[in-house]
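# dropping a prediction and its sequence here:
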Amino acid sequence: MEYRSLIDEADRAREIDPRFEILHWTPEYRAEADALAVYTRVSAKHLAGDPATASLYAAALARVSADDRHGARFLLEVGYARLLRSQGDLAQATAHLEAALAAPVRPPALLPWVHVALAKIAAEQHDRAAVERHAEAARQAEAASGQRLGAAAAAAALLRY
């Protein structure tokens with residue numbers, strides 16, 4: 001009887017947090033948080049309107065590890081592109097968005113939105129072929145993600161310009 005209650009308890013212990021709803025740290029979570037901390041800091045400065053943000057993005061990009069397993073390069077390139085676009089520098093924004101596409105790790109839920117951003121820039125430049133190319137890439141990336149993100153619809157709307 002005592003042996004059976006231990007087994008029952010062990011079975012229950014395996015079911016305590018099957019959806020990871022209880023906060024806990026693992027070495028993998030720590031490594032990801034450490035790798036993305038620089039993006040979090042620079043992004044906060046960007047949102048606060050810090051005038052040094054461009055140089056912070058450039059410096060952070062220069063320090064991204066060659067072994068970027070968590071997508072820090074992707075996030076920094078996209079953040080820098082947003083800053084440049086808001087300043088009206090569409091050429092540099094495009095270059096950084098394309099660099100994000102070339103990053104070794106590209107989060108599937110964010111990838112389609114990079115194509116939408118490139119399609120928006122192309123629409124502003126009246127480059128119909130680029131709008132079509134990035135709209136299709138956004139559709140494919142969203143389909144590959146297995147999620148409904150809204151990027152495909154946003155890209156399709158750009159085709160009606």
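It's in.
# C-alpha from now on. contacts and neighbour counts both.
Will do.
# quick one: the longest helix seen in the chain to chain centroid distance?
With secondary structure taken from DSSP state H, the chain has its longest helix at helix 27-47. Relative to its chain's centre, helix 27-47 lies at 12 Å (C-alpha atoms, centre = their mean, to the nearest Å).
# packing partners of that helix?
Applying 3 or more C-alpha pairs under 8 Å, 6 or more residues apart in numbering; DSSP states H and E, one finds that helix 27-47 contacts helix 53-62, helix 72-86.
# what's in contact with the shortest one?
I take that to be helix 53-62. 38-39, 42, 45-46, 73, 76-77, 79-80, 83 (C-alpha atoms under 8 Å, 6 or more residues apart in numbering).
# of those residues, which is the most crowded?
In terms of neighbour count, Arg73 stands highest of the contacts of helix 53-62 at 29 neighbours, by other C-alpha atoms under 10 Å.
# contacting residues around that one?
Arg73 is in contact with 61, 64, 100, 103, 105, counting by C-alpha under 8 Å, 6+ apart.
# repeat that for Leu76.
Residues near Leu76 by C-alpha under 8 Å, 6+ apart: 39, 57, 60-61.
# report the separation between it and Ser86.
Using C-alpha to C-alpha, to the nearest Å, we find Leu76 at a distance of 15 Å from Ser86.
# how about Ala152?
Taking C-alpha to C-alpha, one finds Ala152 at 23 Å from Ser86.
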